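Colleague: Any chance you can model this:
(2 chains)
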2 protein chains.
Amino acid sequence: MREASKIVVLSGGVGGAKLVYGLAQLLPPEALIVVANTGDDFDHMGLRICPDIDSLTYALSDLADPVRGWGRADESWNFMRALRQFGGEDWFNLGDTDLALHVLRTYMLRSGKELTEVTRLLCQKVGIRHTILPMSDDPVPTMVETESGCLTFQEYFVRHRCEPAVNSFRFQGADKACLTPELRACFERGEVAAVLIAPSNPFVSIDPILAVGGFIDVLKGFDGPIMAVSPIVGGAAIKGPAAKMMVELGMPSSALTVAEYYQSLLTDFVIDKADAALVPEIQALGLVPHVEQTMMTDPRTKISLARACLRALNLSRGMV
Amino acid sequence: MREASKIVVLSGGVGGAKLVYGLAQLLPPEALIVVANTGDDFDHMGLRICPDIDSLTYALSDLADPVRGWGRADESWNFMRALRQFGGEDWFNLGDTDLALHVLRTYMLRSGKELTEVTRLLCQKVGIRHTILPMSDDPVPTMVETESGCLTFQEYFVRHRCEPAVNSFRFQGADKACLTPELRACFERGEVAAVLIAPSNPFVSIDPILAVGGFIDVLKGFDGPIMAVSPIVGGAAIKGPAAKMMVELGMPSSALTVAEYYQSLLTDFVIDKADAALVPEIQALGLVPHVEQTMMTDPRTKISLARACLRALNLSRGMV
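Modeller: From the prediction side, this is the model:
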């Protein structure tokens, strides 16, 4: 790499993975670095599960289920049926094919490999040529402080279906965790052309990444564009609890709230056409607004939003 | 228990599990103790797999596949397909429903429980009321010395399909391993009425059990009947490599070889009707011969052989 040419995307699971899929269709492997939230990661019956890395892996290898929104297409659930027979915990669904990734990753981690290396090896096996990096090789579990007490993220998200109202979030060990070295190196070598924050949940998908020791300083020292795509459209979250959380945290559920939340970090902000009226307010925050069709329902709309983001960043020339 | 009323059965996997199934239909839960070979146990991709305990568990819970001879009925193989995609080792087949048992057992063992306790808890969940005891809570892996070098049992059995000629077997750590305490207690309390050696492979299913520290002395001090059922019928093994091993070890492949092999231990020996001509030679060894229909092809023939064994032991009265 002779010049800054890489796009670094910060992403959670499903929503972020859709945009990442689009970007991967447009950018060559060496031009895209996906940084995955690992705050959702947890141990379940001895298996290490990394939901956002999984979603990104399945998205980029075309294995993702397009309808359910998580996990793999053509999944079967016979393991879960047998697990119930033997009295195993069944609040977290593990598909028969999805299990292969959990079993292999757990085995590789136990053999002493770091998560970055494990992710690289597993992605390689299913033909993924773009880079997915966990935000850190250290565990940084997201803890959700709710009206019903403190819950681990998966307890909150899956077991309690996001029902308890949230008060705050903690990213346990984030200050001591090391940013994945590959990512730090990209910034230090001046290879990063732009940073894109995917339309993921700001509180539980992006904030954990930003909380990892020193990353916020890396971003503050970065002089290229940092653009976020709003996960809120017309006041509602496209998927997941982002809008519900905003209300519980005392913020209006709006794309503008997201822009304000990220304000000190961003140069650019992408909103949906449905929110075009917010343009003046986003400009007033000192951000460059971009109005796009942000709903991603199929490969075409994923690629189309990715192209719009790249164009907005003035990076599409020669790459797309 | 006021008097010796328990039958202790030493068993390997499939063949032994058939007789155990028959016995379980005839004997009340407190009257049957199944001792499972754990020499085949191994770690595969971080999962602890106990093939003989599995076969016995599936047999007694009516989950076993009646056609394939191992694993569960109505099994699916989607995990294996996904595992191959991600480059996982695929020489050992793990069915989607079978995996539940491996994942749960591994999790429980890692949480600090002993195999005896784990086996008890898992059996309970699928309604098994008879007792299955691993021969030991300590690992005693069977090593197979072959013309192609030393192999672990599963490498020999599954990966190399029993092809390399065998020279000898080692049960690693057997002398230091502790007999599962529940079994020792049954003998010490004088609760054991008889010991039955199931029609399992003498070299790799029964010998490992007999090799566990002190068990042979327990059996030598036992004054009730000890009866074995020949796994060899008409010179051939009903299933598995027993007959092939005999030839490679320089023994004639015959039920008589099995009787000679166990001779110092036994009082009674059950042969198939096809081998009725061997009766005088078995008598000459000082054993009481019993000629029965030993081929077990369905529930009826399993129960029928179990009944014949109990009758032969003069234990069927009042129990069956």
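
Colleague: mind checking which helix or strand residue A:200 is in?
Modeller: With elements delineated by DSSP states H and E, residue A:200 resides in a region that no helix or strand encompasses.

Colleague: That one: how many residues sit nearby?
Modeller: By the other Cβ atoms under 10 Å in any protein chain shown criterion, the neighbourhood of residue A:200 contains 30 residues. Yep, even glycine has a C-beta here, placed from its N, CA and C like the rest.

Colleague: how close does it get to residue A:9?
Modeller: 10 Å (Cβ to Cβ, to the nearest Å).

Colleague: Now do the shared contacts for those two.
Modeller: Shared between the contact lists of residue A:200 and residue A:9 (criterion: Cβ atoms under 8 Å, 6 or more residues apart in numbering or on different chains) are residues residue A:16.

Colleague: Give me the contact list for stretch A:109-118.
Modeller: With Cβ under 8 Å, 6+ apart as the test, stretch A:109-118 has contacts from A:38, A:48, A:50, A:53, A:105, A:108, A:121, A:133-134, A:136-137, A:180-182, B:46.

Colleague: Name only those of those that count as buried.
Modeller: With burial judged by 16 or more other Cβ atoms under 10 Å in any protein chain shown, the buried subset of the contacts of stretch A:109-118 is A:38, A:48, A:50, A:53, A:105, A:108, A:133, A:134, A:136, A:137, A:180, B:46.

Colleague: which residues does the fourth one contact?
Modeller: In this structure, residue A:53 makes contact with A:36, A:38, A:41, A:115, A:119, A:132, A:134, judged by Cβ under 8 Å, 6+ apart.

Colleague: check contacts around the closest residue in space to the second one that isn't next to it in sequence.
Modeller: Spatial nearest neighbour of residue A:38, excluding adjacent residues (Cβ to Cβ, 6 or more residues apart in numbering or on different chains): residue A:134 at 4.7 Å. Each residue near residue A:134 by Cβ under 8 Å, 6+ apart is listed here: A:35, A:36, A:38, A:50, A:53, A:115, A:116, A:119, A:180.

Colleague: The first one is in contact with residue A:209, isn't it?
Modeller: Yes. Applying Cβ atoms under 8 Å as the test, residue A:35 and residue A:209 come out as touching, 5.9 Å apart.

Colleague: Tell me the strands beside the lowest-mean-pLDDT helix or strand in chain A, with direction?
Modeller: Within chain A, confidence by mean pLDDT, DSSP states H and E is lowest for strand A:236-237 among all helices and strands, at a mean of 83. The strands that strand A:236-237 pairs with in its sheet are strand A:232-233 (antiparallel) (by DSSP bridges).

Colleague: Stretch A:83-96 near chain B anywhere?
Modeller: Yes. Between stretch A:83-96 and chain B, judged by Cβ under 8 Å from any Cβ of the partner chain, the touching residues are A:83, A:85, A:86, A:87, A:88, A:96.

Colleague: Among these, name the buried ones.
Modeller: The neighbour-count test (16+ other Cβ under 10 Å) applied to the residues of stretch A:83-96 next to chain B identifies A:83, A:85, A:86, A:88, A:96 as buried.

Colleague: Can you name the residues that contact the first one?
Modeller: Meaning residue A:83. Residue A:83 sits in contact with A:89, A:90, A:94, B:100, B:103, B:104, where contact means Cβ under 8 Å, 6+ apart.

Colleague: All the helices of the stretch 101-250 of chain A, residue numbers only.
Modeller: Using DSSP state H, counting those that start in this stretch, the helices found in the stretch 101-250 of chain A span residues A:115-125, A:153-154, A:181-188, A:207-211, A:215-220, A:242-248.

Colleague: which helices and strands does the second one pack with?
Modeller: Just to be clear, that refers to helix A:153-154. In this structure, helix A:153-154 makes packing contacts with strand A:42-44, strand A:142-146, judged by 3 or more Cβ pairs under 8 Å, 6 or more residues apart in numbering or on different chains; DSSP states H and E.

Colleague: quick check, distance from the shortest one to the centre of its chain.
Modeller: Its chain's C-alpha centre lies 19 Å from the corresponding centre of strand A:42-44 when counted by Cα atoms, centre = their mean, to the nearest Å.

Colleague: which secondary structure elements does it contact?
Modeller: Contact here means 3+ Cβ pairs under 8 Å, 6+ apart; on that basis strand A:42-44 packs against strand A:47-49, helix A:153-154.

Colleague: At the contact with chain B, which residues of the stretch 101-250 of chain A appear?
Modeller: Contact residues, the stretch 101-250 of chain A versus chain B (Cβ under 8 Å from any Cβ): A:101, A:103, A:104, A:106, A:107, A:110, A:121, A:122, A:125, A:126.

Colleague: which two in the residues you listed are spaced the farthest apart?
Modeller: The two members of these with the most space between them (Cβ to Cβ) are A:110 and A:126, at 21.2 Å.

Colleague: Neighbour count: the two, which is higher?
Modeller: More crowded of residue A:110 and residue A:126, by other Cβ under 10 Å: residue A:126, with 17 against 13.

Colleague: For residue A:309, report the pLDDT, please.
Modeller: We have a pLDDT of 97 for residue A:309.

Colleague: tell me the SS of residue A:35?
Modeller: Under DSSP: H, G, I helix; E, B strand; the rest coil, residue A:35 falls in the strand class.

Colleague: Quick check: bridge partners of it?
Modeller: With beta bridges defined as DSSP bridges, residue A:35 has these partners: residue A:10, residue A:133.

Colleague: now residue A:272
Modeller: The residues listed as beta-bridge partners of residue A:272 by DSSP bridges are residue A:292.

Colleague: wait, it sits on residue A:254?
Modeller: No. Distance between residue A:272 and residue A:254: 11.5 Å, which falls outside the contact criterion (Cβ under 8 Å).

Colleague: Show me the shaky parts of the stretch 1-150 of chain A.
Modeller: Low-confidence segments of the stretch 1-150 of chain A (pLDDT under 70): A:1-2.

Colleague: one more time with 90, if that's ok
Modeller: A:1-4, A:14, A:65-70 (pLDDT under 90).

Colleague: residue contacts, whichever residue of the stretch 201-320 of chain A sits closest to chain B?
Modeller: Nearest residue of the stretch 201-320 of chain A to chain B (Cβ to the nearest Cβ) works out as residue A:299 at 20.5 Å. By Cβ under 8 Å, 6+ apart, the contact set of residue A:299 is A:21, A:22, A:25.

Colleague: pretty sure the second one contacts residue A:310?
Modeller: This means residue A:22. No. With contacts defined as Cβ under 8 Å, residue A:22 does not count as touching residue A:310, sitting 9.4 Å away.

Colleague: what residues are up against residue A:242?
Modeller: With Cβ under 8 Å, 6+ apart as the criterion, the residues that contact residue A:242 are A:201, A:202, A:203, A:231, A:232.

Colleague: farthest-separated two in the residues you listed?
Modeller: A:203 and A:232 (11.9 Å).

Colleague: Show me where the stretch 1-150 of chain A has its strands.
Modeller: For the stretch 1-150 of chain A, strands defined by DSSP state E, counting those that start in this stretch occupy the ranges A:6-11, A:32-36, A:42-44, A:47-49, A:131-134, A:142-146, A:149-152.

Colleague: starting at the chain centroid, how far to the fifth one?
Modeller: This points to strand A:131-134. Put simply, strand A:131-134 sits 11 Å off its chain's centre (Cα atoms, centre = their mean).

Colleague: mind listing what's buried in the helix or strand hosting residue A:301?
Modeller: Under the criterion DSSP H and E, the helix or strand holding residue A:301 is helix A:299-312. Within helix A:299-312, the residues that qualify as buried are A:302, A:303, A:304, A:305, A:306, A:307, A:308, A:309, A:310, A:312, counting by 16+ other Cβ under 10 Å.

Colleague: Relative to residue A:171, which of those residues is nearest.
Modeller: Out of the buried residues of helix A:299-312, the one with the shortest distance to residue A:171 is residue A:309. That distance is 26.3 Å, counting by Cβ to Cβ.

Colleague: residues contacting that closest one?
Modeller: Residue A:309 makes contact with A:19, A:23, A:196, A:227, A:229, A:270, A:290, A:292 under the criterion Cβ under 8 Å, 6+ apart.
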